[in-house]
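# please work out how this folds:
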Amino acid sequence: MSSSPHAGKIVLVTGASAGMGKEAALNLASKGVKALALFARREDRLKEVAQEIEQKFPNTKTLVVVGDAAKADDNKRAVEETVKAFGGITGAFINAGIYRGGVPVTETDDQAIEDVLNVNVKGVMYALRYVLPAIKTTVGEQGPTGSVVVNSSCMADAVIAPKSVGSGLYSASKAFVNSLVQTAAAENAPRVRVNGVMPGVIKTEIMPVDDATYEAFGAQMQPLFGRAGKAEEVAGLVSFLIGDEASFISGTNVKVDGLWGL
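Down below sits the predicted model:
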């Protein structure tokens with residue numbers, strides 16, 4: 001194991017333009033990763049994140065890859081461009097996701113179903129399809145392992161009324177992610193570790209409400225902590241799982257939810 005758990009790491013972050021993706025990228029850079037590939041649809045926001053990383057952490061190289069996480073070809077290109085730019089890839093945070101909810105299962109429309117399945121289900125499958133072989137090739141048979149972290153949700157494994165009412169489509173898509181994490185971990189052990197993170201109510205752009213409203217919502221959903229979580233609190237766990245200190249952890253979906261389920 002190297003002196004630094006993140007030394008030499010080359011990490012692809014999807015959904016890197018804001019929220020948990022952005023904070024994970026910043027956290028990884030603060031830990032001293034070698035390079036970060038930032039993948040999302042909004043080029044202007046990606047460039048801002050890359051610039052912030054370069055200013056704060058000049059030893060970490062960055063690459064901006066513009067694309068749609070719901071498209072197989074864009075996921076493939078993101079991995080290929082990362083390998084071309086940095087000579088390989090050792091890890092990934094598959095973070096891109098969308099929320100469509102607020103209505104019962106019987107009122108969920110076709111567009112919402114298509115949107116969620118395209119990003120939260122197909123998008124994760126596409127990312128794993130292309131990133132896992134590339135990581136295996138990079139890390140080889142000896143030395144530090146590769147690591148993939150997938151963003152899931154606390155709602156993936158628990159239906160709690162009334163909290164879960166209206167979230168059936170989203171919750172089901174994240175249950176898919178949890179199962180896929182375990183299967184991918186088994187298929188790629190021991191050289192590539194695959195884990196999931198399961199955030200609770202986290203203040204990010206996915207919920208288009210003002211800060212005060214969202215804080216009140218977070219306190220209602222997570223009363224034992226009395227607040228919404230912060231993207232930085234998820235980012236710290238992601239960085240740990242990417243690093244070599246988590247070398248014996250795989251196939252686990254870890255909750256970061258302020259006791260949402262209790």
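# mind checking how far the strand or helix carrying Leu36 is from the chain centre?
Here Leu36 sits within strand 35-40, counting by DSSP states H and E. Put simply, strand 35-40 sits 12 Å off its chain's centre (CA atoms, centre = their mean, to the nearest Å).
# report the central residue of the chain.
For the chain, Asn95 is the residue whose C-alpha lies nearest the centre (CA atoms, centre = their mean; 2.5 Å).
# pretty sure that one is touching Val11, no?
No. Between Asn95 and Val11 there is no contact under CB atoms under 8 Å: 11.3 Å. All C-beta atoms are positioned from the backbone trio N, CA, C, and that covers glycine.
# how about the strands of this structure, start to end?
10-14, 35-40, 61-66, 91-94, 146-151, 192-199, 202-203, 229-230, 253-256 (DSSP state E).
# so the strand holding Leu36 versus strand 10-14, what angle?
10 degrees (axes from the mean of the first three to the mean of the last three CA atoms, to 10 degrees).
# run the angle between strand 35-40 and strand 61-66 for me.
Using the same axes, to 10 degrees: strand 35-40 against strand 61-66 is 20 degrees.
# who touches Ala92 in this structure?
Ala92 is in contact with Val11, Leu12, Val13, Thr14, Ala127, Val131, Ile135, Ser147, Val148, Val149, counting by CB atoms under 8 Å, 6 or more residues apart in numbering.
# and it, what's its pLDDT?
pLDDT recorded at Ala92 is 99.
# so Ala18 makes contact with Thr204?
Yes. With contact defined as CB under 8 Å, Ala18 reaches Thr204; the gap is 7.0 Å.
# okay, these two: which has more neighbours?
Legend: neighbour count by other CB atoms under 10 Å for Ala18 and Thr204, higher for Thr204 (21 against 18).
# can you give me the pLDDT of the more buried one?
78.
# equivalent analysis for Lys163, please.
Value listed for Lys163 in the pLDDT field: 66.
# what's the answer for Tyr126, then?
Confidence score, pLDDT, at Tyr126: 98.
# pretty sure it sits against Asn75.
Yes. Counting by CB under 8 Å, Asn75 is a contact partner of Tyr126 at 4.1 Å.
# neighbour count for these two, which is higher?
Asn75 (29 against 23).
# neighbours around Gly146, how many?
27.
# nearest residue to it other than its sequence neighbours?
Leaving aside its chain neighbours, Gly146 sits nearest to Ile135 (3.7 Å; criterion: CB to CB, 6 or more residues apart in numbering).
# list the contacts for the one you found?
Ile89, Thr90, Gly91, Ala92, Gly146, Val148, Val192.
# ok, Thr145 next?
Val139, Pro190, Arg191, Val192, Arg193, Asp244, Ser247.
# do you have the helices of the stretch 151-262 of the chain handy? List them.
168-188, 211-221, 231-242 (DSSP state H, counting those that start in this stretch).
# just those helices: most buried one?
helix 231-242 (a mean of 22; mean count of other CB atoms under 10 Å).
# which other helices and strands does that one contact?
On a contact count with 3 or more CB pairs under 8 Å, 6 or more residues apart in numbering; DSSP states H and E, helix 231-242 meets helix 19-30, strand 91-94, strand 146-151, strand 192-199, strand 202-203, strand 253-256.
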